[in-house]
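1. A structural model of the following input is requested.
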Amino acid sequence: MRALRLEMLADAPLAFLETIADAAARPHGEFTARVARNASGDDCAQFVADAGGRLVAHAGGIASPDDPKVTVVFAVYVTPAYRGTGVLADLVDGVAEWSRAAGRPELLLEVVVGNDRALRAYERLGFVDTGVRLPHPTIAVLTELQMSRAA
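-> Residues are numbered from 1 along each chain as shown. So this is what the prediction gives:
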């Protein structure tokens with residue numbers, strides 16, 4: 001998981017809240033603890049794609065603090081060689097199934113305005129632009145758009 005996280009941050013630094021330097025400085029044990037913490041339960045879950053012992057994709061889900069019917073999809077990433085293979089759909093379906101089982105029928109995510117590749121991928125998965133625009137949480141000059149779909 002540590003290797004995948006570092007790849008995510010190197011490949012798409014604007015898409016995530018953590019910097020690669022911060023992630024690289026964290027001990028391996030913190031990654032292990034996070035995976036164990038999110039391996040069960042209704043509040044937060046992480047889904048990964050394993051290609052023969054190498055993690056190649058990730059999508060997380062967390063209960064929205066603002067709406068008990070919503071799961072926020074976070075930290076979505078697919079390594080370049082696996083983009084367009086359906087692995088993203090599989091991971092989002094996993095988050096959706098987990099969300100429904102937890103009683104949350106809606107998925108919500110945010111994507112940086114201008115990240116058209118991600119926007120198109122989410123649209124293909126049924127996400128629609130809600131019209132809500134938010135400032136990027138760490139880079140003041142960027143804006144994120146919110147997208148939603150049924151879980």
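
2. what are the ranges of the strands in the chain?
-> Assignment of strands within the chain using DSSP state E yields the ranges 44-51, 54-63, 70-78, 106-112, 128-135, 143-150.

3. For Asp42, give me its contacts.
-> Contact analysis of Asp42 by Cβ atoms under 8 Å, 6 or more residues apart in numbering lists Ala63, Ala101, Ala102, Gly103. For glycine as for every other residue, the C-beta is placed from the backbone atoms N, C-alpha and C.

4. By residue count, what's the longest helix in this structure?
-> Ranked by number of residues, the top helix in the chain under DSSP state H is helix 87-101.

5. name the helices or strands packed onto that one?
-> Where contact means 3 or more Cβ pairs under 8 Å, 6 or more residues apart in numbering; DSSP states H and E, helix 87-101 is packed against strand 44-51, strand 54-63, strand 70-78, strand 106-112.

6. Can you give the distance from the least confident helix or strand in the chain by mean pLDDT to the centre of its chain?
-> Every helix and strand of the chain was ranked by mean pLDDT, DSSP states H and E. The lowest is helix 28-37, at a mean of 85. Averaging C-alpha coordinates over helix 28-37 and over its chain gives two centres that are 17 Å apart (Cα atoms, centre = their mean, to the nearest Å).

7. Could you tell me the angle between the direction of that helix and that of strand 44-51?
-> Going by axes from the mean of the first three to the mean of the last three Cα atoms, to 10 degrees, helix 28-37 is angled at 110 degrees with respect to strand 44-51.

8. quick one: contacts of helix 28-37?
-> With Cβ under 8 Å, 6+ apart as the test, helix 28-37 has contacts from Met1, Arg2, Arg5, Cys44, Gln46.

9. now, of the strands of the chain, which is deepest in the fold?
-> strand 70-78 (a mean of 22; mean count of other Cβ atoms under 10 Å).
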